[in-house]
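>>> what follows is a predicted protein model with its sequence.
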Amino acid sequence: MSKELFIKRYKQLGENFKEINLRHSLRVNTLKITDQEIKKRLQSIGVVLEKISFTKEGYYYDSKRFSLGAITEFLLGYYYLQEAAAQLPVQVLDPKENELILDACAAPGGKTTQISQSMNNKGLVVALEKKKHRITSLKSSLERLGIENVALYEMDALLSNKVDMKFDKILLDAPCSGNFVTDNKWFDKRDINGVNKSAKLQRQLLKKMCELLNKDGVLVYSTCSLEPEENEENIDWALKNLPLKLDKIELNIGDKGLTNIFGQKLNKEIEKCKRFWPWKTNTQGFFIAKLRRK
């Protein structure tokens, strides 16, 4: 499927495609340092920070002299290099101290560490990662950021019933097709068959996560895909087939979820979701839904 055909799809969804330059961003790790302290340290070595208005601990940064992934402050775990939109699913999940939370697809660990940070290292986060080679870097991130309340399992989320727990909240940052902003060869590698394959897996994961959720528990579903098959259509399917309902997402960025997909009418409740078109939000493409167990 060519770039032109994807752009045509976006046009049919009411959008005019535009390339963007993604700004570098980080998330301050408040378990180890305050915003003011890290700003002072980084600015003293010439790093310009700018608060990201729609995030709690996020900052854009400009560093022309060196990589922020190779300096003392990074090694000390004072921050995590994390794209701006990628910080929002955990904000929507709103983890609290002493809750029992599942991070179903944990690597590389940005959202796992963000959950623990929001919980002040209290309660328990169960983090699952199916790919063995990603476990090492995930463990390293947990240690570097001073995370103490995570139980990490090498496990496919589809087999997560082996954990034998019910959770207050679940983050399902699902494996997806991705988007063109973070991969300049994305259009050359993707087609609709791959999108549909991802959507099928995502529905299996949604079903499994619903089974693990306590009554009135919250499930945040997110992808970094722009394709409605992986986003709104999956949520429409979930509302029809699973004991879930949607909560409205209170963020001051992003569009409402789409309810008319290529002429197909979806549940109007899907407008409670958030969709991030890169040319509107100046972030990577993203989709977030906040579901609640009936």
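Perfect, I can see it now. Numbers count the residues shown, from 1 in each chain.
>>> which helix runs longest in the protein?
Assignment by DSSP state H gives helix 192-211 as the longest helix of the chain.
>>> for that one, which residues meet the burial criterion?
Neighbour-count burial for helix 192-211, with 16 or more other CB atoms under 10 Å as criterion, is recorded at 195, 198-199, 202-203, 205-206, 208-210. Placement of C-beta: from N, CA and C, glycine included.
>>> export those to JSON lines and tack on distance to residue 128 and pLDDT?
Output for these, formatted as JSON lines (distance: CB to CB, whole Å; pLDDT from 0 to 100):
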{"residue": "195", "distance to residue 128": "24", "pLDDT": "96"}
{"residue": "198", "distance to residue 128": "18", "pLDDT": "97"}
{"residue": "199", "distance to residue 128": "21", "pLDDT": "98"}
{"residue": "202", "distance to residue 128": "15", "pLDDT": "98"}
{"residue": "203", "distance to residue 128": "18", "pLDDT": "98"}
{"residue": "205", "distance to residue 128": "11", "pLDDT": "97"}
{"residue": "206", "distance to residue 128": "15", "pLDDT": "98"}
{"residue": "208", "distance to residue 128": "11", "pLDDT": "96"}
{"residue": "209", "distance to residue 128": "11", "pLDDT": "97"}
{"residue": "210", "distance to residue 128": "16", "pLDDT": "97"}
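>>> residue 43 - how many residues pack around it?
For residue 43, the count of nearby residues is 11 (other CB atoms under 10 Å).
>>> closest to residue 178 among the buried residues of helix 192-211?
Among the buried residues of helix 192-211, residue 198 lies closest to residue 178 (CB to CB), at 9.3 Å.
>>> re earlier: and which of the buried residues of helix 192-211 is nearest residue 91?
Using CB to CB, residue 209 is the member of those that sits closest to residue 91, with 18.9 Å.
>>> does the closest one touch residue 173 like I think?
No - using CB atoms under 8 Å, residue 209 is not in contact with residue 173; the gap is 11.2 Å.
>>> tell me what the longest helix of the chain is packed against?
Contacts defined by 3 or more CB pairs under 8 Å, 6 or more residues apart in numbering; DSSP states H and E place helix 192-211 against strand 167-173, strand 213-223, helix 232-241.
>>> residues making contact with the last one?
The one in question is helix 232-241. By CB atoms under 8 Å, 6 or more residues apart in numbering, the residues outside helix 232-241 that reach it are 199, 202-203, 206-207, 210, 221, 244-246, 257-259, 261, 264, 266-267, 269-270, 273, 275, 287, 289, 291.
>>> sort out for me which of those are in strands.
Taking DSSP state E as the definition of strands, those contribute 221, 244-246, 261, 264, 275, 287, 289, 291.
>>> buried subset of those residues as a ChimeraX selection?
The buried subset of the ones in strands among the contacts of helix 232-241, as determined by 16+ other CB under 10 Å, is captured in ChimeraX by this line:
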select :221,244,246,261,275,287,289,291
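>>> Throw the ones in strands among the contacts of helix 232-241 into JSON lines and include distance to residue 3 and pLDDT, thanks.
JSON lines is the format used below for the ones in strands among the contacts of helix 232-241 (distance: CB to CB, whole Å; pLDDT from 0 to 100):
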{"residue": "221", "distance to residue 3": "27", "pLDDT": "98"}
{"residue": "244", "distance to residue 3": "35", "pLDDT": "98"}
{"residue": "245", "distance to residue 3": "37", "pLDDT": "98"}
{"residue": "246", "distance to residue 3": "32", "pLDDT": "98"}
{"residue": "261", "distance to residue 3": "20", "pLDDT": "96"}
{"residue": "264", "distance to residue 3": "24", "pLDDT": "95"}
{"residue": "275", "distance to residue 3": "20", "pLDDT": "98"}
{"residue": "287", "distance to residue 3": "20", "pLDDT": "98"}
{"residue": "289", "distance to residue 3": "27", "pLDDT": "98"}
{"residue": "291", "distance to residue 3": "33", "pLDDT": "98"}
